[in-house]
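1. Predicted coordinates and the sequence they were generated for:
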Amino acid sequence: MNIQSGFKEDFLWGGATAANQIEGQYDKDGKGLTSADFAEFIPKEKRTKDNHLNITSDHVKEVLTGEHEGYFPKRFGIDFYNTYKEDIKLFAEMGFKAFRMSISWARIFPNGYDKEPNEAGLKFYEDVFKTLKSYGIEPVVTLSHYETPYGLTEKYNGWMDRAVIKHFVRYAETVFTRYKKYVKYWITFNEINIINISPFTGGGVLTDKLENPKAASYQALHHQFLASSLATKKLKEINPEAQMGCMLARMKYYPNTPNPEDVLKALQDNQRNLMYTDVHVFGEYPNSYKKFLSDNNIELDIQTGDLEILKSYTVDYVSISYYMSMLSSTSPEGKVTAGNLMNSLKNPYLEASDWGWQIDPVGLRIVLNELWDRYHVPLFVVENGLGAHDKLENGKVHDDYRVDYLKRHITEAKRAVEDGVDLMGFLAWGPIDLISMSTSEMSKRYGFIYVDQDDYGKGSKKRIKKDSFDWYKHLIKTNGKEL
Ligand code: BG6
């Protein structure tokens, strides 16, 4: 009986990004506005969850009429729209086998529902794919990474309306057809679970005027599940060789104490987090989720044929972002630490990043084992990395802390492979510094490549290799044998 020792030969090493965090040129060549274009940079001392992530209809209105002035970094990114050739060259120098990026739906269909696609947008991504392919880098493409076209918010309140499903499927069909030659690996929705935490970020849904925002976000999620299944159906018709993945922000919950009540709470929190991948892989809503809905008096509008669609078109692989683990407790007292849109009790065994995210490499091994045991489909880590304050001194960035973080996580990923997990690849989040999703900061840096730009977009935008650049290059060269 053979168990894989180390990473497989065709392991997909590389990095991951999202259109709205890198491209910039938010209104160039016919692109429409998206939900990401409303996220403002607010300095830490003034930032609250409400003014940053719970974007309201009044905020949107004021931004559109110009009554609300501010700096919106995701409109400007790091100007990848113009620099993609030199940036991809640097990825190639590190030996990337894969590069995850997203297509901005609003570059292809500016309002989301337009009759004809925008050729300039289609051409842009075609050029990016060609450049990647010229270096032998496999694109891994997310269809929707936190940027619903604003036209869909205006017309339908985003994913609240079933009508958005057909527009998404049309968008998917358009890009599957056009990029058939270039793209094998697709992902429908980035971190699909986030729609229930920040509905505007995850689905362009403004909930402040809705009667029951929580119920609304689950209805919007139902539409996204259907859209994901129908896009998968299309992909298989257009390109049977291609693979469709789902994507989950995997939040592993440990019980805070051995108290069975805490253990039960952790079980339920994990069930809630895994529900999303359960639907994508098994094609049905788990009973624990049905119970959750009924406990919360949420009744989904599920129409005839919906459940058959979910059952018929399931995913080929499960991809995750993994940054931290959380604690579950029935008596949530004690110190709170931050998370990616969520908070948790502090785990005394773990250190946290400068942003309070609890660093837990062993958690990655646990998560990969659990996902493999549950689903038995290939897994793909499509985001992991350390957001940190880097210092540029004499043209150098000594980011040994980033090397340490990634080394420890990749070691655990390797152990998971040796436990028997089928892992397709590992993509470091933000291989080049980019705009933070949760805080819209530039100073929260993840890259192997430094971008000379501050939180207000000021700077030369020069690309500078950090110490971690050579480390990652060597790791890829040795296929993870030399960490
Ligand atoms: C993931 C997102 O949640 O985490 C990315 O898919 C995001 O878009 C990444 O950038 C890191 O989060 P942040 O808030 O540090 O940018």
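-> Perfect, I can see it now.
2. Please list all residues in contact with the residue lying closest to residue 473 once chain neighbours are set aside.
-> The spatial neighbour of residue 473 that comes closest, neighbours along the chain excluded (Cβ to Cβ, 6 or more residues apart in numbering), is residue 94 at 4.5 Å. C-beta coordinates here come from the backbone N, C-alpha and C atoms, glycine included. Contact partners of residue 94, counting by Cβ atoms under 8 Å, 6 or more residues apart in numbering, are 431, 448, 469, 472, 473, 476.
3. so how far is the ligand from the residue most central in space within the chain?
-> Central residue of the chain (Cα atoms, centre = their mean): residue 190, 4.1 Å from the mean position. According to Cβ to the nearest ligand atom, to the nearest Å, residue 190 and the ligand sit 5 Å apart.
4. Quick one: neighbours of residue 20, just the number.
-> Residue 20: 26 surrounding residues under other Cβ atoms under 10 Å.
5. I figured the residue nearest to the centre of the chain hits residue 147, correct?
-> No: using Cβ atoms under 8 Å, residue 190 makes no contact with residue 147, being 9.5 Å away.
6. Can you name the next helix or strand after whichever strand or helix holds residue 318?
-> Using DSSP states H and E, residue 318 sits within strand 317-321. Using DSSP H and E, the helix or strand that follows strand 317-321 towards the C-terminus is strand 325-328.
7. Just the mean pLDDT for that next one, thanks.
-> For strand 325-328, mean pLDDT is 95.
8. Next: stretch 132-140.
-> 98.
9. Can I get that stretch in CSV, CA atoms only?
-> Written as CSV, here are the backbone C-alpha positions of stretch 132-140 (Å, rounded to 0.1, in the frame of the first residue of the first chain):
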residue,chain,number,x,y,z
LEU,A,132,0.8,33.2,-18.1
LYS,A,133,0.8,30.4,-20.6
SER,A,134,3.9,31.7,-22.3
TYR,A,135,5.7,31.0,-19.0
GLY,A,136,4.0,27.6,-18.5
ILE,A,137,1.9,29.0,-15.6
GLU,A,138,-1.6,27.5,-15.2
PRO,A,139,-4.3,30.1,-14.5
VAL,A,140,-6.7,29.2,-11.7
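10. Are that stretch and the ligand in contact anywhere?
-> No: figure legend: stretch 132-140 not in contact with the ligand (Cβ under 6 Å from any ligand atom); closest approach 13.1 Å.
11. neighbouring contacts of that stretch?
-> Contacts for stretch 132-140 (Cβ under 8 Å, 6+ apart): 12, 14, 16, 88-89, 91-92, 96-101, 128-129, 182-187, 380, 382, 427.
12. just how off-centre is it within its chain?
-> In terms of Cα atoms, centre = their mean, to the nearest Å, the centre of stretch 132-140 is found 20 Å from the chain centre.
13. when you give positions from now on, start the count at 12
-> Got it, first residue is 12 now, which makes that one stretch 143-151.
14. Same question for it: list its buried residues.
-> Applying a neighbour-count criterion of 16 or more other Cβ atoms under 10 Å, the buried positions in stretch 143-151 are 143, 148, 149, 150, 151.
15. any idea how far the first one lies from the ligand?
-> Going back to what we said before, that points to residue 143. Counting by Cβ to the nearest ligand atom - residue 143 and the ligand are separated by 20 Å.
16. Check for me that that residue belongs to a strand.
-> No: Residue 143 sits outside any strand when classified using DSSP: H, G, I helix; E, B strand; the rest coil, being helix.
17. pLDDT weak spots in the stretch 212-361 of the chain?
-> Within the stretch 212-361 of the chain, the stretches with pLDDT under 70 are 343, 345-353.
18. switch the cut-off to 90
-> Applying pLDDT under 90 to the stretch 212-361 of the chain flags the ranges 220, 342-356.
19. residue ranges of the helices in it, please?
-> 224-249, 271-293, 298-306, 317-323 (DSSP state H, counting those that start in this stretch).
20. Take these and write them to TSV, including distance to residue 170 and mean neighbour count.
-> Shown next, in TSV, are the helices of the stretch 212-361 of the chain (distance: least, Cβ to Cβ, whole Å; neighbours: other Cβ atoms under 10 Å):
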stretch	distance to residue 170	mean neighbour count
helix 224-249	4	21
helix 271-293	14	19
helix 298-306	17	13
helix 317-323	15	16
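21. With distance to the ligand as extra columns, can I get those helices in JSON lines?
-> Shown next, in JSON lines, are the helices of the stretch 212-361 of the chain (distance: least, Cβ to the nearest ligand atom, whole Å):
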{"stretch": "helix 224-249", "distance to the ligand": "15"}
{"stretch": "helix 271-293", "distance to the ligand": "13"}
{"stretch": "helix 298-306", "distance to the ligand": "22"}
{"stretch": "helix 317-323", "distance to the ligand": "23"}
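22. and of the ones you listed, who's closest to residue 186?
-> Counting by Cβ to Cβ, residue 186 lies closest to helix 224-249 out of the helices of the stretch 212-361 of the chain; the figure is 9.8 Å.
23. that older thread, what do residue 201 and residue 158 both touch?
-> 29, 113.
24. and the closest residue to the ligand within the stretch 12-161 of the chain, what does it touch?
-> Residue nearest to the ligand within the stretch 12-161 of the chain: residue 29 (4.9 Å; Cβ to the nearest ligand atom). Residue 29 sits next to 112, 113, 153, 156, 157, 158, 201, 445, 448 when contact means Cβ under 8 Å, 6+ apart.
25. what about the first one, is that helix, strand or coil?
-> Assigned state for residue 112: strand (three-state reduction, three-state DSSP).
26. so where does residue 176 fall, helix or strand?
-> helix 174-189.
27. what angle separates that helix from helix 224-249?
-> Angle of helix 174-189 versus helix 224-249, following axes from the mean of the first three to the mean of the last three Cα atoms, to 10 degrees, is 30 degrees.
28. Name every strand pairing with the next helix or strand after helix 174-189 and say which way it goes.
-> Counting by DSSP H and E, the next helix or strand C-terminal to helix 174-189 is strand 196-200. According to DSSP bridges, strand 196-200 forms sheet pairs with strand 149-155 (parallel), strand 254-260 (parallel).
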